[in-house]
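Asker: give me the fold of what follows.
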Amino acid sequence: MSAALLDEVKKINWFHTIDLGGGVTTPGFDPTPSKLQWLRFPEDLRGKTVLDIGAWDGFFSFEAERRGAARVVAIDSAAWQDPRVGRAGFDLAHRTFGSKVEPVTMDVLDLNPVQPGTFDLVLFLGVLYHMAHPLLSLQRVASVTKEHLILETHVDLTECKRPAIAFYPADECAGDISNWCGPNRAAVEGMLKSVGFRKVEVVKTVPVAYDVRGARRDSLGRMVFHAWK
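Answerer: Numbering: from 1, shown residues only. Sure thing, here's the model as predicted:
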């Protein structure tokens, strides 16, 4: 079985690094398992409902299920509808695990309390800076969050204490035209509170001191926020 599985794995362009069992690990260029600690991913999700927005290969969806979540919905649009990426990785992992995670192809701006519903825990990891309308996106995310949101994002203008958002009209951020904005900490905190989260906490900051052209950019980084209704 492992040999056949390995053959299937090799045919897929993986982003997440996922241990599929039987000595087979997907060759994702993202060191996904190492992020669990600095995301402060909840250890015990028994009985909880979880929504994973921007699921891609589904690592965090399957991890939530493994940690006991009663229901997990994985949502993606950009990756799953991109012919260069697709949903093959998610589907293979889903099949291998015998998973009950529910995949839904949906855009962030289409989220609402009816479809896909509301969830105890919502994961919004590596998505906000891909949004051309960040505040509207967070309004939609808040509408489906019952209790707890974990948000991880690229940040910019970190030297600025006032809420500020860098706008990238082309490929200024990492040479990727899908990166639209770089909010700073105050902007993310302010937006989260304005859409209805009563408490916001920064749990991790990861500095990044260079941009794609090699110029030093001390204002860049990544941050992890936890927010509660």
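Asker: use CA for all of it now, contacts and neighbours both
Answerer: Noted.
Asker: wait, a helix at residue 186?
Answerer: Yes - with DSSP: H, G, I helix; E, B strand; the rest coil as the criterion, residue 186 is located in a helix.
Asker: what's the separation between the spatially most central residue of the chain and residue 7?
Answerer: With distances taken as CA atoms, centre = their mean, residue 125 lies nearest the centre of the chain, 2.1 Å away. From residue 125 across to residue 7, the span is 29 Å (CA to CA, to the nearest Å).
Asker: repeat for residue 101
Answerer: For residue 101, the distance to residue 7 - CA to CA - is 24 Å.
Asker: more crowded one of these two?
Answerer: Neighbours were tallied for residue 101 and for residue 7 using other CA atoms under 10 Å; the higher tally belongs to residue 101 (21 against 11).
Asker: now do the same contact list for the more buried one.
Answerer: Neighbour list for residue 101: 61-62, 65, 71-74, 94 [criterion: CA atoms under 8 Å, 6 or more residues apart in numbering].
Asker: tell me which two in the residues you listed are the farthest apart.
Answerer: Using CA to CA, these span at most 14.2 Å, a distance reached by 71 and 94.
Asker: right, and the helix or strand after the helix or strand encompassing residue 121?
Answerer: Element membership of residue 121, judged by DSSP states H and E, is strand 119-125. From strand 119-125 onward toward the C-terminus, using DSSP H and E, the following helix or strand is helix 134-143.
Asker: would you map the strands across the protein?
Answerer: Ranges of strands in the chain, per DSSP state E, are 19-21, 24-25, 49-53, 71-76, 102-105, 119-125, 145-155, 165-167, 181-183, 199-207, 221-228.
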